[in-house]
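[1] return a 3D structure for these sequence lines:
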Amino acid sequence: MTLAAPLALLLLPLPLLALLLPPERPRSGAVNLPPAILARTQDATPGRATRHLGRAALVLAWICAVLALTGPRILTTLDTLPATGRDIVLVLDLSGSMEKEDFDLDGTRVSRLAAVQAVASRFVLGRTGDRVGLVVFGDRAYVAAAPTHDVAAVAHVIETSVIGVSGKATAIADGLGLGIRRLRDRDATSKVIILLSDGRDTSGVVDPVAAAQKADDLGIRIHTIALGPDRAQSNGREDDLVDSETLGRIATTAGGQMFRVRTTDDLRAVTEAIDRLEPSALAAPPVTAWLELWIWPAGAALLILGGMLCLRPGQVA
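    Sure, this is the predicted structure:
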């Protein structure tokens, strides 16, 4: 513990100056009082012990006040959130094709949406220090979460997303366009879009690759995660296919990478790969600050003086 103004301690002996004052001269004259009044006056006269206690309380209050003036404080280390200066927007496909159950997640057959939620929520929770936002799209796109450091809140929105809230078509370009608009005017040092989709654009009127080119012009990088079976795994069903070619072109155009996801191991690999491409915040140097303690002696002085005021003046004279 240190003192901000240690010279204030020089004020401690100030009350001793009262001893240098000349003693009060006794007043002359006498008053004859009736016995009943005289008895009450004698009862109200404080005893020696009471007077000493009152003076000790005044001295203690003075000491506490002086200690408050010295500004006692201790140096503490603050837990601060490191900030990378990076903004990440996840663009999440909620189209009808995401309902297909063709994923193996921890040994369980799940829908594409469930796999996306597992990837995205895990990814978001690990982005300490980044501002993360969420755009969802079907046949139209909207912002589900503006970029924020509260990654847990964004992860919760992802985990509770349902198919159909934005229509069941797939407007990838619209989703990318809205993500780009959320990032283009921000002053982040790094701007990244993560597109999670089966990649079959069935609604947008804009070419998604053209949207990716616009992102590249604005310095926004796009990584894509392709979900769904390959052509060899589709059993001839064209509507089950993932358009990995389009997703690959989007990522290449905007300076990112495309990832294929089919199993739990794929999910883990995607998370680790994107973490390497977009590293999280490193441990920041500790931030120290002074914790001021003057309020405690100041409060003690006020309590002592308040207690004395609650007593009759004669008891502390």
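
[2] which residues touch Leu195?
    The neighbours of Leu195, taking C-beta atoms under 8 Å, 6 or more residues apart in numbering as the test, are 91, 93, 172, 175-176, 179, 222-225, 247, 250. All C-beta spots, glycine's among them, are computed from the backbone N, C-alpha and C.

[3] C-terminal to the helix or strand containing it, what's the next element?
    Under the criterion DSSP states H and E, the helix or strand holding Leu195 is strand 190-197. Reading on from strand 190-197 to the C-terminus, the next helix or strand found by DSSP H and E is helix 208-217.

[4] which residues touch the host helix or strand of Glu272?
    Glu272 is part of helix 264-277, with elements assigned from DSSP H and E. The set of residues that contact helix 264-277 without belonging to it, under C-beta under 8 Å, 6+ apart, is 104-106, 115, 118-119, 122-123, 126, 194, 223, 225, 256-257, 259-261.

[5] so where's the stretch 51-200 of the chain shaky on pLDDT?
    By pLDDT under 70, the weakly predicted segments of the stretch 51-200 of the chain are 51, 78-84, 165-168, 199.

[6] and the helices in the chain?
    In the chain, the helices defined using DSSP state H lie at 35-44, 48-70, 112-125, 151-159, 172-184, 208-217, 244-253, 264-277, 295-310.

[7] mean neighbour count, those helices: which tops it?
    helix 172-184 (a mean of 24; mean count of other C-beta atoms under 10 Å).

[8] other SSEs contacting that one?
    Based on contacts counted as 3 or more C-beta pairs under 8 Å, 6 or more residues apart in numbering; DSSP states H and E, the elements that helix 172-184 packs against are strand 86-93, strand 131-137, strand 141-148, strand 190-197, helix 208-217, strand 220-227, helix 244-253.

[9] please identify the buried residues of the third one?
    Neighbour counts using 16 or more other C-beta atoms under 10 Å place 141, 144-145, 147 of strand 141-148 among the buried residues.

[10] from the residues you listed, which is closest to Ser97?
    Sorting the buried residues of strand 141-148 by how near they are to Ser97, with C-beta to C-beta, puts Ala141 at the top with 15.9 Å.

[11] quickly list what the closest one is bridged to.
    Each beta-bridge partner of Ala141 is listed here: Phe137, as defined by DSSP bridges.

[12] quick revisit: I'd like to know which of the helices of the chain lies nearest to Pro13.
    Each of these was checked against Pro13 via C-beta to C-beta, and the shortest separation belongs to helix 48-70, namely 9.9 Å.

[13] between the helices of the chain, which one is nearest to Phe137?
    Evaluated with C-beta to C-beta, the helices of the chain place helix 172-184 nearest to Phe137, the distance being 3.3 Å.
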